[in-house]
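# Turn this into a model:
(one chain, ligands or ions: 2)
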Amino acid sequence: MSSGERERTFVMVKPDAVQRGLIGEIVSRLESRGLKLVGGKLIEINRELAEEHYAEHSDKGFFEDLVEFITAGPAFAMVWEGADVTRQVREMMGATDPAEAAPGTIRGDLALDLGRNAIHGSDHEDPGSNEREIDLFFDEGELIEYERIDESWLYE
Ligand code: IDP
Ligand code: MG
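Ligands and ions are numbered 1, 2, ... in the order given. Okay, here's the model as predicted:
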């Protein structure tokens, strides 16, 4: 392997994008990049889980709206694996505010509004947030270790 350490990250298709039929589009982008899906499930996030997941924002004015949004309908939770995956997914997601997100990014192509921004990914600037979020949403037995047949063509 030539670049970056292989790691796992937590990604979630938020309720707005589930309602808009975008699970497949978002999964497809990550899958086509060569990232490996090692866990995935449709979930209904309850208030307790939402408050824990977004604890870092609990003092912000938008916190209550954020918790309501993320608990308002099913979300699609995933774990993806790959070289430098946490940062790579963040780059693919684009800026938090879709209005500022570059075309070609998931938010820049699929969303318009800060409070309806389609996707969550662990923060690569917050070390350990990937593992913390994976543990919060998944049991060990729900994550599957396997080789993708194209791995020797993805990594040097
Ligand atoms: P991120 O999702 O790009 O990591 P964060 O700053 O961690 O962005 O914020 C978490 C989520 O909170 C955002 O994805 C968005 O849904 C929501 N959010 C962030 N800032 C605002 C705001 O100013 N108004 C409304 N919602 C916000
Ligand atoms: Mg964040």
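# Pull out the buried positions in the helix of greatest length in the chain.
Counting by DSSP state H, the longest helix found in the chain is helix 23-33. Within helix 23-33, the residues that count as buried by 16 or more other Cβ atoms under 10 Å are 23, 26-27, 29-30. Every C-beta, even on glycine, is put in place using the N, C-alpha and C of the backbone.
# Take those residues and write them to TSV, including pLDDT and distance to E48.
Shown next, in TSV, are the buried residues of helix 23-33 (pLDDT from 0 to 100; distance: Cβ to Cβ, whole Å):
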residue	pLDDT	distance to E48
I23	99	24
I26	99	26
V27	99	27
R29	98	31
L30	98	28
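# So which of these is the closest to ligand 1?
Nearest to ligand 1 among the buried residues of helix 23-33 is I26, at 13.9 Å by Cβ to the nearest ligand atom.
# For the closest residue to the closest one other than its chain neighbours, give me its contacts.
Among residues not flanking I26 along the chain, V13 sits closest, at 5.2 Å (Cβ to Cβ, 6 or more residues apart in numbering). With contacts defined as Cβ atoms under 8 Å, 6 or more residues apart in numbering, the neighbours of V13 are 22-23, 26-27, 75-76, 78, 118-119.
# With distance to ligand 1 added, can I get those residues in a markdown table?
As requested, these are exported to a markdown table (distance: Cβ to the nearest ligand atom, whole Å):
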| residue | distance to ligand 1 |
| --- | --- |
| L22 | 15 |
| I23 | 17 |
| I26 | 14 |
| V27 | 18 |
| A75 | 12 |
| F76 | 15 |
| M78 | 15 |
| A118 | 9 |
| I119 | 8 |
